[in-house]
Structures are given as structure tokens and as C-alpha cells.
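> Generate coordinates for the sequence data below:
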Amino acid sequence: MDGIHRRLIALVFAASCAGAPATAQTLVATPAPPGVATELSQALERARGRFEARDLSGVLASVSEQYRSGGMTKAAVHEQLLAMFTLYQELRARVTVDRVELVNGGTRVYTSGEVTGRLPLVGWVVVLTWQGEPEVVRREAAGWRLFGFQD
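Alright, predicted model coming up:
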């Protein structure tokens, strides 16, 4: 799956789909407290619902203004979502939180899922799938938002 599609699904999170960062530093990961995992699962469900409702602003509310990951910015994510909403008559997303970890002072959420879309004359097709993909998230004034790996 290419980086653009991974970032789109991250929006359904509000958390998911980005490749791991390429760094030489040692990363220390510990499981996040259960309350953090619960909060992120709830945020993901809200964003997933906004995605299926084709609410562009609602989905983008889950993305930090400072989002940057794999060359993608919030503006690029906006354009990709707009293209999906234009192409598919209907979209469905299934996303699960696999685990949440605290890594070197940041928070990573790992998700798996599938997005399907209904095309005119074709019907339902699988748009993308992923397993155990990480995304960096952070708590901002508006709640948990995608932040990206800031590369």
C-alpha cells in the first residue's frame, strides 16, 4: 500500500496508516495506560463515523494543523479525502486499534482495517487494507489528533 493511502486511513482515526520512521536513535516503547487506549479508540470511532458520513471537515478535525508524515501534510490529506469522496458513491471503514504505545515521549497507535467503496456500475470494491500500521498521535486542545512522524 502506498503512503498516500496509508495516510488517508489514518484519518479514519483518527489514527492509523503510516510507515515507521527511519531513524538511527533507539526507540523505547511501553504499553500506554488503558485509559489512553480507550480514549484513542473512541476518537477513532468518531473519525470513522465522520468518514462514512463523508464529512470532510469532521474527518480533518482529527488531524493536527502540524501534521506531517511521509511527505504528507494536512492539506495533502484534504485533497486525497476529497478525491475519495468524489470517486466513491459510498464508503465504509472498519478499523481496530491493535495497540497503543508510548515511544520516546510520544504516543503511537497501531491499527488494522479495511476501507470499501461503492463505484457506479461496478458496486462495492476494496479500496485499501492494512495491518498493524503505526501513526503518531498527540493530545491537543481539541483532543487526540494525528500528528505524523514529522519527517
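> ranges for the helices of this structure?
3-13, 34-52, 56-60, 74-87 (DSSP state H).
> Minimum distance to W130: which of those helices has it?
helix 3-13 (6.3 Å; Cβ to Cβ). Any C-beta I mention is one placed from the backbone N, CA and C, and that applies to glycine too.
> Does E114 touch W124 like I think?
No: counting by Cβ atoms under 8 Å, E114 stays clear of W124, with 11.3 Å between them.
> For the two, indicate the residue with more neighbours.
E114 (16 against 13; other Cβ atoms under 10 Å).
> can you pull the contacts of the more buried one?
93-94, 126, 128-130 (Cβ atoms under 8 Å, 6 or more residues apart in numbering).
> among those residues, who's most crowded?
A93 (23 neighbours).
> who are the neighbours in contact with the closest residue to Q89 other than its chain neighbours?
Once flanking residues are discounted, Q89 sits nearest to R118: 4.7 Å by Cβ to Cβ, 6 or more residues apart in numbering. The contact partners of R118, taken as Cβ under 8 Å, 6+ apart, are 88-91, 124-125.
> Quick one, which of the residues you listed are buried?
88, 91 (16 or more other Cβ atoms under 10 Å).
> of the contacts of R118, closest to T38?
L91 (25.7 Å).
> What is the burial count for V115?
By other Cβ under 10 Å, the burial measure for V115, its neighbour count, is 25.
> Report the contact partners of the closest residue to it other than its chain neighbours.
Spatial nearest neighbour of V115, excluding adjacent residues (Cβ to Cβ, 6+ apart): V127 at 4.4 Å. By Cβ under 8 Å, 6+ apart, the contact set of V127 is 5, 84, 88, 91, 115-117.
> which one among those residues gets closest to E65?
For those, the residue nearest E65 by Cβ to Cβ is M84; the value is 21.3 Å.
> I'd assumed T116 was in contact with that closest one.
No: checked against Cβ under 8 Å, the pair M84 and T116 is beyond contact range at 11.5 Å.
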